[in-house]
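J.: Sharing a sequence plus its predicted fold:
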Amino acid sequence: MSQTTGIILEGIPATGKSTIISEMLSRSEIINRDFMSLFTFGEDITQRVLERKDNKAKITKDDNLNLLNDILTPLEKYKIYYQKRGWIGDEKEHRYGFVLERFHLTHANYFSHISWEDVIDIDQRLLKLNSKLCFLTMEKKVMEERIIHSRGEEWRKYISRFGNSNKEIVNYYYQQQQNKRMLVDRSSLPKLILDTSTKNWGEIVDEIISFWGI
């Protein structure tokens, strides 16, 4: 049994990443663990802290890789501490878990100056941390409602850069989803692909927790 267990949730905006994490963290099988620390990293930490620098065209590949590394390194160090401790008894309880909302696939897909080849090492490090990848998708026919109409004015102002009409914006995000799916296929991590178009969050979270095996 590994001392660590992680899940990465990837997907374009409005696929339900934040909703799913909130639901997961309320489940008894997650919170009622006497000997298990759980670290949760939302997208503000895993990617969005670089947005301002990106908007000013001052971001570099090192910025992306340093951020990913700064998140992974402590998790790797904790694994070493756990290994040195040598827990006796039910080792499954004496381990730690982590949740990453967006991570290396988002960096390789969203930022034009970084590619999959740049994050292969990150993928391998995640594999050594017993991580699994869950890719959330949605059908194109629900994208306009989910991505555009269900969000506020500031968000709609932001996404207007991706098209002059709702159709163009939907096409942009659909292509982003297709591009990210190709990255998912290249990842070495165990993976689960879930269509969230129906928004059956309870059933979706059940499937993710079962896949995670926490």
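T.: Ah, there it is.

J.: drop to CA atoms for contacts and neighbour counts, all remaining ones
T.: Fine.

J.: Show residues contacting stretch 150-165.
T.: If you take Cα atoms under 8 Å, 6 or more residues apart in numbering as the criterion, stretch 150-165 is touched by 148, 168-169, 172.

J.: Could you give the average pLDDT over the biggest helix by length in the chain?
T.: Longest helix in the chain, counting residues (DSSP state H): helix 61-85. Regarding helix 61-85, the rounded mean pLDDT is 94.

J.: For the next helix or strand after that helix, which strands pair with it and how are they oriented?
T.: For helix 61-85, the following helix or strand on the C-terminal side (DSSP states H and E) is strand 95-101. Sheet partners assigned to strand 95-101 using DSSP bridges are listed as strand 4-10 (parallel), strand 36-41 (parallel).

J.: If I take strand 95-101 and helix 61-85, what angle do their directions form?
T.: Strand 95-101 and helix 61-85 are oriented at 160 degrees to each other (axes from the mean of the first three to the mean of the last three Cα atoms, to 10 degrees).

J.: remind me which residues of this protein are low pLDDT?
T.: 1, 34-35, 88-92 (pLDDT under 70).

J.: ranking the strands paired with strand 95-101 by burial, who's on top?
T.: strand 4-10 (a mean of 24; mean count of other Cα atoms under 10 Å).

J.: Now do that strand: everything it contacts.
T.: 17, 79, 95-103, 105-106, 129-136, 212, 214.

J.: swap the cut-off to 6 Å and go again
T.: By Cα atoms under 6 Å, 6 or more residues apart in numbering, the residues outside strand 4-10 that reach it are 95-102, 129-135.

J.: and these, which two are the farthest apart?
T.: Greatest spatial distance in those: R95 and F135, 24.5 Å, computed using Cα to Cα.

J.: secondary structure class for A14?
T.: coil (DSSP: H, G, I helix; E, B strand; the rest coil).

J.: re the thing from before, just the contacts of stretch 150-165 now: which is nearest K53?
T.: For the contacts of stretch 150-165, the nearest to K53 is Y172 (22.5 Å; Cα to Cα).

J.: Sounds good, over and out.
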